[in-house]
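[1] Got a sequence here, can you build the structure:
(2 chains)
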Amino acid sequence: GAGVSQSPSNKVTEKGKDVELRCDPISGHTALYWYRQSLGQGLEFLIYFQGNSAPDKSGLPSDRFSAERTGGSVSTLTIQRTQQEDSAVYLCASSLASPSGRPYEQYFGPGTRLTVT
Amino acid sequence: AQRVTQPEKLLSVFKGAPVELKCNYSYSGSPELFWYVQYSRQRLQLLLRHISRESIKGFTADLNKGETSFHLKKPFAQEEDSAMYYCALFPGGTSYGKLTFGQGTILTVHP
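    Model prediction:
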């Protein structure tokens, strides 16, 4: 079946503009994660969704970052007033979720490469 | 808070040589450890997890709780092993499956 998809694949924006990044998880996966992949920084957790709720937003770097998920499916990560330090690859992953919280395999999307000029 | 450290950003070996990608973690509990891999122009994907105790593509990793390490090893590296490798930790409890990743190691296997 189809894997996790993300759009756009590339986004170039001017400093100060808002951007929206989209993630379509694997059908039936209730858990959804956003990560940021920066050169030399590894993978940085941003936010986790279980269904439509986000019990863990601890990784969002500032209040310029927000995310939502609707219908337990598609998720959008919004960055307002973008800064150059926001330039990175934004990865989305989805997985099954168990009541105990133990991790199932996370399936990653291809990422969105964001460049802020 | 937990932390994962991969001390080598770059690692180069020749085909047929043994390879070891280092991963150290700091966490006081009993975590689950994983290795994820990203081949060129492909998605990040799970390579192996310590609880499975299996060998994938010739790679193995043993969780050493005394040394808090989870090094990834392969006795004879192949060119197709060239990729970015991430070590990741799940602390357990109600952590919602959230993983803490290391900074990654780029492995290059030369012919």
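[2] make it CA atoms for all contacts and neighbour counts henceforth
    Noted.
[3] pLDDT value on the nearest residue to A:Glu14 once chain neighbours are set aside, please?
    For A:Glu14, ignoring the flanking residues on the chain, the nearest one in space by CA to CA, 6 or more residues apart in numbering or on different chains is A:Thr117 at 5.0 Å. As predicted, A:Thr117 sits at a pLDDT of 96.
[4] Would you agree A:Thr117 is in contact with A:Lys15?
    Yes - if you go by CA atoms under 8 Å, A:Thr117 and A:Lys15 touch, sitting 5.7 Å apart.
[5] Could you count how many residues lie near the residue nearest to A:Glu14?
    Using other CA atoms under 10 Å in any protein chain shown, A:Thr117 has 13 neighbouring residues.
[6] do you know how far it is from A:Ser9?
    17 Å (CA to CA, to the nearest Å).
[7] And for A:Glu20?
    A:Glu20 is 12 Å from A:Ser9, by CA to CA.
[8] cool, and A:Gly109?
    A:Gly109 is 10 Å from A:Ser9, by CA to CA.
[9] With neighbour numbers in mind, choose between the two.
    A:Gly109 (24 against 15).
[10] for chain A, which spans come out with low pLDDT?
    A:1, A:40, A:98-103 (pLDDT under 70).
[11] which residues does the residue of it found nearest chain B contact?
    Here chain A gets closest to chain B at one residue, A:Gly42, 3.6 Å apart by CA to the nearest CA. Neighbouring residues of A:Gly42 by CA atoms under 8 Å, 6 or more residues apart in numbering or on different chains: B:Tyr86, B:Phe101, B:Gly102, B:Gln103, B:Gly104.
[12] any chance of those in JSON lines, with distance to chain A and secondary structure too?
    Below are the contacts of A:Gly42 laid out as JSON lines (distance: CA to the nearest CA, whole Å; DSSP: H, G, I helix; E, B strand; the rest coil):
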{"residue": "B:Tyr86", "distance to chain A": "8", "secondary structure": "strand"}
{"residue": "B:Phe101", "distance to chain A": "6", "secondary structure": "strand"}
{"residue": "B:Gly102", "distance to chain A": "6", "secondary structure": "coil"}
{"residue": "B:Gln103", "distance to chain A": "4", "secondary structure": "coil"}
{"residue": "B:Gly104", "distance to chain A": "6", "secondary structure": "coil"}
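[13] Of the residues you listed, which is the most crowded?
    B:Gly104 leads the contacts of A:Gly42 on contacts (other CA under 10 Å) with 30 neighbours.
[14] if you skip the residues just before and after it, what's nearest to residue 11?
    The chain I'm using is chain A. A:Leu114 (4.9 Å).
[15] Oops, wrong one, chain B.
    Nearest residue to B:Leu11 in three dimensions, chain neighbours excluded: B:Leu107, at 4.9 Å (CA to CA, 6+ apart).
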